[in-house]
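>>> Generate coordinates for the sequence data below:
(chains A and B)
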2 protein chains.
Amino acid sequence: MELFEKTLKRTPIYQGSIIDLEVHDVALPDGKESKRELIFHNGAVAVCAITPESEVIFVKQFRKPAEKPLLEIPAGKLEKGEEREAAAKRELEEETGYIAENLELIAEMYGSPGYSNEKVTIYLAKDLKTGEMHLDEDEFINLVTYSLEELKQLLDDNEVEDAKTIIAIQHLLLNYNHFK
Amino acid sequence: MELFEKTLKRTPIYQGSIIDLEVHDVALPDGKESKRELIFHNGAVAVCAITPESEVIFVKQFRKPAEKPLLEIPAGKLEKGEEREAAAKRELEEETGYIAENLELIAEMYGSPGYSNEKVTIYLAKDLKTGEMHLDEDEFINLVTYSLEELKQLLDDNEVEDAKTIIAIQHLLLNYNHFK
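Below you'll find the predicted structure:
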């Protein structure tokens, strides 16, 4: 069966600063019609950064949807027209004060593919240099670092609940026995 | 710094069948105010199921937000008041025709913690029995199975883009050399 849904009609519902919401009338593969509630997002980048001391840098920040602070790798939205690697380097320096000259791709992921087009590109950054931290006005974060052994324990205890961060940690555990 | 944002005012924007949208005026940790665009979702479950032939079962379905078919482990939304394990077993049987008597927890994840409260619980299912497949009216999926070796290759080639599915495959690669 050919898997495709054609949009027959778009109904814009909300245009926000981070997300837009539209409802689409679609034609299903069998020709019948259905509705899809869709969130449009500019896309995001995230960086799993390893310090000169061989630890991984995390930001802890209150996430309103979860109503609690979550442990996450540094991340942020793409600005309009911004290239993904440039955005990743910018976010890393803004949130942690570290500069990464080279990034390796870990994964590209849809976190909520049923209703959101947000694609997150996750990078690995090593050989960091010291730059300058600069947070957005409504950004309040605590920085924390963990060793690979500590990360394995956090994961086993289900203490990490952010999808991009779980993916980054498991990638490290699969690909690196140590960071040196 | 205490990481907390108090909701000062809720503005409902949209109530849909899968997601609701609200804008909250919040008090930031420093007392200043900001706005948060929030998607409310009932939550979801996903199952990484291993067949008697030691392969992992996937569904390939067209995802309107991505405008392409994605390879995913079987998953679905929680129905109102439904318990997560029961929902996982229901979705697995509906989408694949397999019955799982026991589930192991792999992870709980927020896919888009910046704006969505959707929490996905990912389970591992082994020792499957044969049940009855039953798809929703607007659900069109193709079933595919892969061995663990094939999954490692798919992951290395960045062919898997769904967050819960990447997490499940990495978990298998970290915890199982083979399924027997």
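
>>> contacts, neighbours, all on C-alpha from now
Will do.

>>> quick one: the helices in chain A?
A:84-96, A:148-156, A:163-175 (DSSP state H).

>>> Okay, angle between the shortest one and helix A:163-175 too, please.
Taking axes from the mean of the first three to the mean of the last three CA atoms, to 10 degrees, one finds helix A:148-156 and helix A:163-175 inclined to each other by 130 degrees.

>>> coming back round to it: determine which of the helices of chain A approaches chain B most closely.
helix A:163-175 (5.2 Å; CA to the nearest CA).

>>> which other helices and strands contact that closest one?
strand A:44-49, strand A:68-72, strand A:103-110, strand A:119-125, helix A:148-156, helix B:163-175 (3 or more CA pairs under 8 Å, 6 or more residues apart in numbering or on different chains; DSSP states H and E).

>>> List the contacts of that helix.
A:46, A:48, A:71-73, A:106, A:109, A:111, A:120, A:122, A:148, A:151-152, A:155, A:160, B:109-112, B:163-164, B:166-167, B:170-171, B:173-174 (CA atoms under 8 Å, 6 or more residues apart in numbering or on different chains).

>>> Recalculate using a threshold of 7 Å.
By CA atoms under 7 Å, 6 or more residues apart in numbering or on different chains, the surrounding residues in contact with helix A:163-175 are A:48, A:72-73, A:111, A:151, A:160, B:109-111, B:163, B:166-167, B:170, B:174.

>>> swap in stretch A:32-42?
So stretch A:32-42 is contacted by A:18-28, A:77-78, A:115-118, B:65, B:138 (CA under 7 Å, 6+ apart).

>>> 6 Å instead, please
A:19-27, A:115-118 (CA atoms under 6 Å, 6 or more residues apart in numbering or on different chains).

>>> from those, which single one is nearest B:Leu8?
B:Leu8 has its nearest neighbour among those in A:Ile19, at 20.7 Å by CA to CA.

>>> ok, now which ones touch that closest one?
With the criterion set at CA under 6 Å, 6+ apart, A:Ile19 makes contact with A:40-41.

>>> would you turn the helices of chain A into a markdown table with distance to B:Pro12, mean neighbour count and mean pLDDT?
Formatted as a markdown table, those follow (distance: least, CA to CA, whole Å; neighbours: other CA atoms under 10 Å in any protein chain shown; pLDDT from 0 to 100):
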| stretch | distance to B:Pro12 | mean neighbour count | mean pLDDT |
| --- | --- | --- | --- |
| helix A:84-96 | 31 | 22 | 97 |
| helix A:148-156 | 35 | 15 | 94 |
| helix A:163-175 | 27 | 22 | 97 |
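
>>> Residue in chain A with the shortest distance to chain B?
Counting by CA to the nearest CA, chain A gets nearest to chain B through A:Gly111 (3.9 Å).

>>> what about the spatially closest residue to that residue that is not a sequence neighbour, neighbour count?
Using CA to CA, 6 or more residues apart in numbering or on different chains and skipping residues adjacent in sequence, the residue nearest A:Gly111 is B:Gly111, 3.9 Å away. B:Gly111: 28 surrounding residues under other CA atoms under 10 Å in any protein chain shown.

>>> residues touching B:Gly111, list them.
Applying CA under 6 Å, 6+ apart, the residues contacting B:Gly111 are A:111-112, A:163.

>>> 7 Å instead?
So B:Gly111 contacts A:111-112, A:162-163, B:163 (CA under 7 Å, 6+ apart).

>>> who's A:Leu105 bridged to?
Taking DSSP bridges as the rule, A:Leu105 bridges to A:Tyr123.

>>> In contact with it, which residues?
Contacts of A:Leu105 by CA under 7 Å, 6+ apart are A:122-124.
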